[in-house]
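> Sequence below, structure please.
(one chain, ligands or ions: 2)
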Amino acid sequence: MTEAQEGVKQKNPWHRPVILLIAFLMVIGIVALVAIAVVQNKQLPQKLKYGIVLDAGSSHTALYIYQWPAEKQNDTGKVQQLEACKVEGPGISSYSKEVTKAGLALNQCLDKAKEIIPEHQHTETPLYLGATAGMRLLRLQDEQQSQRLLNSVEKFIRLYPFNFQGARIIRGQEEGGYGWITINYLLGNFLKDSGWITQLSGGKDTETFGALDLGGASTQITFVPEGDVEPEESTLYFRLYGTSYTVYTHSFLCYGKDQALKLLLAQRKESVSGTITSPCFNKEYTRNLNVTAFYNTPCILGLPNTTQDIIKVIGEGNAEECRKHVRALFSSTDYTLTSCPFNCVYQPQVQGEFVAFSAFYFVMNFLNLTGKEPLKQMKDTIDNFCARSWNEVKDNFPKTRVKYLSEYCFSANYILILLTEGYNFTSDNLNKIQFMRKIKGNDAGWTLGYMLNLTNMIPAELPSPRSLTHTSYVTLMVIFSLFLLILLLLTLLNSRGLLCRAQKGI
Ligand SMILES: Nc1ccn([C@@H]2O[C@H](COP(=O)(O)OP(=O)(O)OP(=O)(O)O)[C@@H](O)[C@H]2O)c(=O)n1
Ligand SMILES: [Ca+2]
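Ligands and ions are numbered 1, 2, ... in the order given. Take a look at the predicted model:
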């Protein structure tokens, strides 16, 4: 071996500790890259789970089927609505005189659930039935009858193979609270990014949206106020994904759209001939009311003072006048259960964004008023609609159900007054309300929140992260690639320098 060869060997770059360190770091870098890729792309076994909720509302019942990947049940936004089935006929409270029929009516939707959910999972699929304001009113009228009705419905549902968890009347506060959970869960507001990079940096809490629900027999408002929430009965405390929320909620029984219409018509004193005129229906519209059936609600104290069995309602089509009649509902103590609704019920100032669903959406969507139109434009649209004659309206919307169509003039004015004079939205913050029926393919309503809660699918604390979010994954990949590139360059530069020096015999 020549002296020069000996020199090159002695100065072989792989013999230097710095080069060994670089090589060691490169190996670590490669192992890290492979590990990240494996963790990120590992195929989780895809077992799907199912849950069923029956929403027994005052005007109708609907069955919802939810689905989620079993392994990810505590992640936010993983539960999806698979199916919504509308039960034929009215709400269950309408069957108080023929209780067995209430259960029977559910069979079509329950059969559908049996078809959709794989048979081997039927017995493990929880099924809940929650009844709302229609049943709350029936319970006030006749508690035993409402229990008999629920028992009969339960008996029928038990004929199905699902894991039935019982039928119950949910409280107004629960209805509001679960609606609020549903929309914020679907909007991803409880946790914007559950990736561990975000979590390590303290996590980012997002503002929640308030929830506005207008049913047939009650209406709910639920939101996180800026200041304190005072009365205990209007306060909900939630701890979700590591954040505590103090939420204001109130449910106004009798102030759903159908009961409010009854209150409105009960204000009118009928003439001797048994007719009532109302500015809240289109001109030329007439409706015959069966006095005992129509006024048979605990929201109205006593029947109207009439000898007639039938009262005829005649539309006048005047929105401005209609709003005056509606306003009276919010201050009147004559006919209502609650002696002092709205004005006397404590409510903190509305703040932040809101989602308004159910009848809020149906009515505003019909009038093309779901685009955050200014208050003036809302009023003009409603005024124009009410001023149209019933025959013209009917001809223009032949496909819309007459029951809904005939009430849009009243409903729109009711919504306007409820929002601005009941809940105290102003022309400045009315545009913070988004009227929505669905969020990412899921119906907005209390049912999803109810199921999430009862199946313990919303953890109080942050679940430990299992895999990376896409952002975290890409960031890590870029960092490690740069790291490897720099190491490679350093190695090249270093070995070239050494080689040159070796060749020169330095
Ligand atoms: N396309 C539609 C569907 C429903 N409605 C009306 O909207 C109201 C509320 O419907 P919904 O939210 O389904 O009420 P329920 O859940 O049945 O009532 P509650 O929540 O008070 O028990 C009812 O008066 C119904 O007639 C409407 O105007 N247009
Ligand atoms: Ca409802």
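> When you work out contacts or count neighbours from here on, use the C-alpha atoms and nothing else.
Will do.
> Which residues of the stretch 301-450 of the chain lie near ligand 2?
Neighbours of ligand 2 within the stretch 301-450 of the chain, by CA under 5 Å from the ion: none found.
> residue ranges with poor pLDDT in the stretch 301-450 of the chain?
303-306, 332-341, 343 (pLDDT under 70).
> quick one, strands of it?
Secondary structure of the stretch 301-450 of the chain (DSSP state E, counting those that start in this stretch): strands at 310-315, 354-358, 433-435, 438-439, 442-443.
> For E421, which of the ones you listed is the nearest?
Set against E421 and scored by CA to CA, the strands of the stretch 301-450 of the chain come closest in strand 433-435, at 15.1 Å.
> any residue of that closest one up close to ligand 1?
No - counting by CA under 6 Å from any ligand atom, ligand 1 is not contacted by strand 433-435; separation bottoms out at 13.1 Å.
> returning to what we had before: quickly compare the strands of the stretch 301-450 of the chain and say which is most buried.
When the strands of the stretch 301-450 of the chain are scored by mean count of other CA atoms under 10 Å, the highest mean neighbour count falls to strand 354-358 (a mean of 23).
> Off-centre distance for stretch 354-364?
In terms of CA atoms, centre = their mean, to the nearest Å, the centre of stretch 354-364 is found 11 Å from the chain centre.
> Then stretch 416-428?
Remark: stretch 416-428 is offset 21 Å from the chain centroid, using CA atoms, centre = their mean.
> how about a markdown table for the strands of the stretch 301-450 of the chain, with distance to R401 added?
Putting these into a markdown table (distance: least, CA to CA, whole Å) gives the following:
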| stretch | distance to R401 |
| --- | --- |
| strand 310-315 | 18 |
| strand 354-358 | 16 |
| strand 433-435 | 21 |
| strand 438-439 | 21 |
| strand 442-443 | 21 |
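> Enumerate the positions of whichever strand or helix holds Y248 that are buried.
Assigned by DSSP states H and E, Y248 falls within strand 243-253. Across strand 243-253, burial judged by 16 or more other CA atoms under 10 Å covers 246-253.
> Check these and tell me the two furthest apart.
By the measure CA to CA, T246 and L253 form the most distant pair in the buried residues of strand 243-253, at 22.7 Å.
> Low-confidence ranges, the stretch 101-250 of the chain, go.
Checking the stretch 101-250 of the chain against pLDDT under 70 turns up 192-205, 229.
> Would you pull up the residue in it closest to ligand 2?
Closest residue of the stretch 101-250 of the chain to ligand 2, CA to the ion: G215 (4.6 Å).
> give the contact list for that residue.
Going by CA atoms under 8 Å, 6 or more residues apart in numbering, G215 touches 57-58, 256-257, 358-359.
> Buried ones in stretch 215-226, by neighbour count?
The neighbour-count check on stretch 215-226 (16+ other CA under 10 Å) flags 215-225 as buried.
> quick one: the biggest helix by length in the chain to chain centroid distance?
Longest helix in the chain by number of residues (criterion: DSSP state H): helix 470-503. For helix 470-503, the separation from the chain centroid amounts to 50 Å (computed by CA atoms, centre = their mean).
> With stretch 233-249 instead?
Remark: stretch 233-249 is offset 16 Å from the chain centroid, using CA atoms, centre = their mean.
> What of stretch 399-407?
With CA atoms, centre = their mean, you get 25 Å for stretch 399-407.
> Could I get the buried residue list for it?
Using 16+ other CA under 10 Å as the test for burial, stretch 399-407 gives 405-407.
> what's the answer for stretch 263-279, then?
In stretch 263-279, counting by 16+ other CA under 10 Å, buried: 263-267, 270, 274-279.
> So which of the residues you listed is the closest to ligand 2?
Distances from ligand 2 to the buried residues of stretch 263-279, taken by CA to the ion, are shortest for L263, at 19.0 Å.
> My read is that the closest one contacts C299, right?
Yes - contact criterion CA atoms under 8 Å: L263 and C299 qualify, at 7.4 Å.
> The longest helix of the chain packs against which elements?
Packed against helix 470-503 by the contact rule (3 or more CA pairs under 8 Å, 6 or more residues apart in numbering; DSSP states H and E) you find helix 3-10, helix 17-41.
> Let me know the average pLDDT across that helix.
Averaged across helix 470-503, pLDDT comes to 75.
> okay, the angle between that helix and helix 17-41?
Inter-element angle recorded for helix 470-503 and helix 17-41: 160 degrees (by axes from the mean of the first three to the mean of the last three CA atoms, to 10 degrees).
> out of the buried residues of stretch 215-226, which one sits closest to V39?
Proximity of the buried residues of stretch 215-226 to V39 (CA to CA) peaks at V224, which lies at 38.0 Å.
> Let me see the contact set for that closest one.
V224 sits next to 208-210, 245-248, 351 when contact means CA under 8 Å, 6+ apart.
> Could you rerun that using 7 Å?
210, 246-248 (CA atoms under 7 Å, 6 or more residues apart in numbering).
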